[in-house]
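Chemist: starting from these lines, generate the structure:
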Amino acid sequence: MEDFFSFNQRLGIPLPESYKSWDTYSEEDQQSILLTWEKIRGKIPDRISDLERIINLKQAALFDESDFKHSCQLNNEIAELASIINDLWLWYRTSQDISGKVHQ
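Modeler: Residues are numbered from 1 along each chain as shown. Next up is the predicted model:
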């Protein structure tokens, strides 16, 4: 299924990326794709937890930071991590309908 998924560096997980219509895949390939996605999707909460730990460390560093430029940098890093978490949750939630097909 490497041709269907592409690793997204920013999110840290493979994401669906296909240039073909879903209907052009055989039923066996569709099932394999859905099972692969279900495994990837199952790792998203762990990825989010890892990012939340990093945010907590950066927030603690920000609390003690007195240099304005460094404070701004930490704020930007925290905002980017929060944006990644938001995107991961979107992938996790919007894919529930798709992954439900695996169990039918």
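Chemist: so what touches stretch 39-52?
Modeler: By Cβ atoms under 8 Å, 6 or more residues apart in numbering, the residues outside stretch 39-52 that reach it are 5, 11-14, 81, 84-85, 88-89, 91-92, 95, 99. To be clear about C-beta, it is placed using only N, CA and C from the backbone, and glycine gets the same treatment.
Chemist: and for stretch 72-88?
Modeler: 10-13, 44, 47-48, 51-52, 54-55, 58-59, 61-62, 65.
Chemist: now do stretch 8-19
Modeler: Stretch 8-19 is contacted by residues 4-7, 33, 37, 40, 43-44, 47, 84, 87-88, 91 when judged by Cβ under 8 Å, 6+ apart.
Chemist: quick check on the residues you listed: which are buried?
Modeler: 4, 5, 33, 37, 40, 44, 47, 84, 88, 91 (16 or more other Cβ atoms under 10 Å).
Chemist: quick check: buried residues in the helix or strand harbouring the fifth one?
Modeler: Translated: residue 40. In this assignment (DSSP states H and E), residue 40 forms part of helix 27-64. Of the residues in helix 27-64, 30, 33-34, 36-38, 40-41, 44, 47-48, 51, 55, 58, 62 count as buried by neighbour count, 16+ other Cβ under 10 Å.
Chemist: between those residues, which is nearest residue 24?
Modeler: residue 30 (9.9 Å; Cβ to Cβ).
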